[in-house]
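Participant: Using only what follows, build the 3D model:
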Amino acid sequence: MLTAAGVLTIMIMVVGVLGNLLTIVALLRHSKLRTVAAAFIASLCISDLLFCFLVLPFSASQFFHGTWIHGDVLCIMIPTLRYGSVGVSLMSVASISVNRYILIAWPHMYQQIYTKLKVALYIGLIWAFSYGLQVPTLLGKWGVYGMDERLGTCSIKKDEHGRSSKTALFIIGFALPCVIIVICYAKIYWVVRKSHKRLQQHNTGNKYKRSEMKITKMVLVIFVCFVVCYLPITVVKIFDTEVNHATLHVVGYLLIYLSSCVNPVVYVTMNRQYRVAYLDTLRCRYNSNLDSQQTQPPQSKTNNMSVTYLKNMVNQSPKV
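Facilitator: A predicted model of the protein is given here:
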């Protein structure tokens, strides 16, 4: 089982490094992709790239050897990077959800909320918060980093007072982003549904059903991928603290690793412009054929203009 897990980890590492690196390069080379959502996607991809490049090689090694063989210093650094990187990824996903909601529900306020300076501040706060949560453990004030003999890996252990931040980190890291995502996309669907009702006099019933199904599928893909990748390890960590079912822990870790290469697929390639940017990047083309579609909402504060913007949006490929 451990050998198979090691091989899968290496495969995930290769796909994740290539996929996230390709996404970052595509974002840098194509100016029309440099939107607010793309900034959060870039943060997500950078975090996943660091995770794949710095953490997964050691994860594969511990699967192959059945234990940690890389010394005490790395036994502190690698789990710190692992927990911090996962935190950045989850908070970036939640931020994308908030961005999509504001774009659709409050288009007249969008440019005030998402200026270049504020976006940089939001992303900085995501990284500071995610890695800042590791400081108490690094200082030995809320658990300690070290070799967990039960798991055969470096992780967070209980300190001398019997305290550990592991359960709290998993609850905060999963539950909070999950609630944010559910609320945001439920509100997005509700706004789009109401807007469709206003637009029915201009659209056929079939077109209405197709557009509504497109939004439904987008929400379903986002939520299902999020839950499938992060819920198992959260449940296992909470209810199997003594590691009585080691196989479940291994599967949970593999699903978290998988999320680092699934994100570019779910959050990027669902958009036609990104697919074209990928092809242009792979072909080393400097002149992009991307559409000149505007990603910023119209400058009107009226409900009619918001409805028109929604009409244009739902008739295109869904943007996560």
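Participant: and Gly140, that one's in a strand?
Facilitator: No. Following the definition DSSP: H, G, I helix; E, B strand; the rest coil, Gly140 is coil and is not counted among the residues of a strand.
Participant: I figured it was touching Asp159, is that so?
Facilitator: Yes. Judged on C-beta atoms under 8 Å, Gly140 makes contact with Asp159 at a distance of 5.9 Å. Where you see a C-beta, it was placed from the backbone N, CA and C, and this is true even at glycine.
Participant: Tell me which helix or strand the residue nearest to Phe226 when sequence neighbours are not counted sits in.
Facilitator: Of all residues beyond its chain neighbours, the one nearest Phe226 is Ile181 (6.2 Å), with distances taken as C-beta to C-beta, 6 or more residues apart in numbering. Assigning secondary structure by DSSP states H and E places Ile181 in helix 166-199.
Participant: List the buried residues for stretch 12-20?
Facilitator: By neighbour count, with 16 or more other C-beta atoms under 10 Å as the criterion, the buried positions of stretch 12-20 are Ile12, Met13, Val15, Gly16, Val17, Gly19, Asn20.
Participant: What helices and strands are in contact with whichever strand or helix holds the third one?
Facilitator: Looking back up the chat, that one is Val15. Here Val15 sits within helix 2-29, counting by DSSP H and E. For helix 2-29, the helices and strands in contact under the criterion 3 or more C-beta pairs under 8 Å, 6 or more residues apart in numbering; DSSP states H and E are helix 36-50, helix 56-65, helix 246-267, helix 272-282.
Participant: pLDDT of the second one, averaged?
Facilitator: Regarding helix 56-65, the rounded mean pLDDT is 92.
Participant: angle of the one helix or strand Gly124 maps to against helix 166-199?
Facilitator: Assigned by DSSP H and E, Gly124 belongs to helix 116-132. Helix 116-132 and helix 166-199 meet at an angle of 150 degrees, taking axes from the mean of the first three to the mean of the last three C-alpha atoms, to 10 degrees as the criterion.
Participant: what angle sits between helix 116-132 and helix 36-50?
Facilitator: 30 degrees.
Participant: For helix 116-132, buried residues please.
Facilitator: Of the residues in helix 116-132, Val119, Tyr122, Ile123, Ile126, Trp127, Ser130, Tyr131 count as buried by neighbour count, 16+ other C-beta under 10 Å.
Participant: Mean confidence (pLDDT) on that helix, please.
Facilitator: When the per-residue pLDDT values of helix 116-132 are averaged, the result is 94.
Participant: repeat for stretch 265-273
Facilitator: Averaged across stretch 265-273, the pLDDT comes to 69.
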